[in-house]
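> can't give you the sequence, but here's the structure:
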């Protein structure tokens, strides 16, 4: 039986922040890219990911740019600082368990 693993909203949020920190340096990434490239995110509901992206943006950790029918996301300086200050260590700890 193939069970879906449900990740907490907090873990998912921090994983998205990490991915954007590492991968959006060369330019903004689409929601589709985020949904298909981050391990564990593929099985999450799209509306849940949208809420998480909105929360990250409301807190100034990422910014979005709307182009035609798509929205693209990239990390802000604040998001980059937060990631390197504590998110990276936290995710490394959780993943090692």
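Thanks, I have it. Quick caveat: nothing in here was measured; it's all calculated off a predicted structure. Numbers count the residues shown, from 1 in each chain.
> give me the low-pLDDT residue ranges for the protein?
Filtered on pLDDT under 70, the chain yields the residue ranges 1-7.
> mind listing the helices in it by residue range?
9-23, 31-37, 46-58, 77-82, 88-96 (DSSP state H).
> Switch these over to JSON lines; also include mean neighbour count and distance to residue 66.
(Glycine included, C-beta is placed from N, CA and C.) Shown next, in JSON lines, are the helices of the chain (neighbours: other C-beta atoms under 10 Å; distance: least, C-beta to C-beta, whole Å):
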{"stretch": "helix 9-23", "mean neighbour count": "19", "distance to residue 66": "17"}
{"stretch": "helix 31-37", "mean neighbour count": "14", "distance to residue 66": "11"}
{"stretch": "helix 46-58", "mean neighbour count": "15", "distance to residue 66": "12"}
{"stretch": "helix 77-82", "mean neighbour count": "16", "distance to residue 66": "19"}
{"stretch": "helix 88-96", "mean neighbour count": "12", "distance to residue 66": "29"}
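> how much space is there between the residue positioned nearest the centre of the chain and residue 68?
The centroid of the chain falls nearest to residue 16 when counting by C-alpha atoms, centre = their mean (1.4 Å). Shown here: residue 16 relative to residue 68, a distance of 22 Å by C-beta to C-beta, to the nearest Å.
> Understood, closing this out.
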